[in-house]
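# This is the structure alone, sequence omitted:
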């Protein structure tokens, strides 16, 4: 099945800094999503982005499907951005299983 | 209105008991899922139902039995609970399945199960 790898596993930032999280996947995808799991455990949809670029406020994401990676950009980070960021993908032509990476734990310090 | 809701949010129980977790979605979606998040935060699919029919069944012990009374509900019943069942269980839904387009999956708030 598809493998989804995220880097870095941990990231510590000062408030106001920018960061880039990476997601590599081993197969062609027809679904790629980014989630934020906040410290209370809620999984929040950030982007549905099997290809291209999207922006939502301080967050943006780019997926280069031909090279099998996606990037999540966080600009001017805030303490409320802390949590775990997951990338998840579904392969083309496969079952509809959303396969998750192991996540990037982000800590933003004031 | 909550799009995907789960009850209960917390469940503490003794080994050997039988328990159920309920999930409801009001998005009009055809497909619902159960995921398990272990103590290392790793999320993995357990089951998927499309319009009340089982589509995906990962290698989950048969002590776990999903039940879908209608396409808006997917409940998870667990028999003879074991210590290793302690985890957070997430329900999710998406508009359609199997049509090759891929659709966003929306997750519920999770149910934190602790087996003592």
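The structure has been received and is ready for your questions. Note that the structure is predicted; figures quoted are calculated from it, not measured.

# All the helices of chain A, in order from the start?
Using DSSP state H, chain A contains no helices.

# Return the residues of chain A in contact with chain B.
Within reach of chain B by C-beta under 8 Å from any C-beta of the partner chain, chain A has these residues: A:29-31, A:33, A:35, A:37, A:41-43, A:45, A:48, A:50, A:84, A:86, A:88, A:90, A:92-93, A:95-100, A:102-103. (C-beta placed from N, C-alpha, C; glycine too.)

# please redo it, this time with the cut-off set to 10 Å
Applying C-beta under 10 Å from any C-beta of the partner chain, we find that chain A lies next to chain B at A:29-33, A:35, A:37, A:40-45, A:47-50, A:84, A:86, A:88-93, A:95-103, A:105.

# How about the helix or strand hosting residue B:92 and chain A, any contact?
Using DSSP states H and E, residue B:92 sits in strand B:87-94. Yes: with C-beta under 10 Å from any C-beta as the measure, strand B:87-94 is seen reaching chain A through B:88, B:90, B:92, B:94.

# Let's see if you can find the most crowded of these.
Among the residues of strand B:87-94 next to chain A, residue B:90 has the most neighbours (other C-beta atoms under 10 Å in any protein chain shown), with 26 neighbours.

# Now the residue nearest to that one when sequence neighbours are not counted: phi and psi?
Closest residue to residue B:90 in three dimensions, ignoring its sequence neighbours and counting by C-beta to C-beta, 6 or more residues apart in numbering or on different chains: residue B:35, at 4.4 Å. Backbone geometry at residue B:35, expressed as degrees, to the nearest 10, gives phi -120, psi 150.

# So what pairs up with residue B:35 in the strands?
Beta bridges link residue B:35 to residue B:45, residue B:90, judged by DSSP bridges.

# buried subset of the residues of chain A next to chain B?
A:29-33, A:35, A:37, A:41, A:43, A:47, A:49-50, A:84, A:86, A:88-91, A:96-103, A:105 (16 or more other C-beta atoms under 10 Å in any protein chain shown).

# shaky segments in chain A?
A:93-96 (pLDDT under 70).

# Quote the end-to-end distance of stretch B:49-59.
15 Å (C-alpha to C-alpha, to the nearest Å).

# Surely residue B:59 touches residue B:46?
Yes: with contacts counted by C-beta atoms under 10 Å, residue B:59 reaches residue B:46, the gap being 9.5 Å.

# quick one: the strands in the chain?
Answering for chain A, as no chain was given. Taking DSSP state E, the strands of chain A run over residues A:4-7, A:10-14, A:19-25, A:29-37, A:43-48, A:52-56, A:59-64, A:69-74, A:83-91, A:99-100, A:104-109.

# meant chain B actually
Assigned by DSSP E, the strands in chain B fall at B:4-7, B:10-13, B:19-25, B:31-37, B:43-50, B:53-57, B:64-70, B:73-78, B:87-94, B:106-107, B:111-115.

# re the thing from before, between residue B:59 and residue B:46, which has more neighbouring residues?
residue B:46 (18 against 5).

# No more questions from me, cheers.
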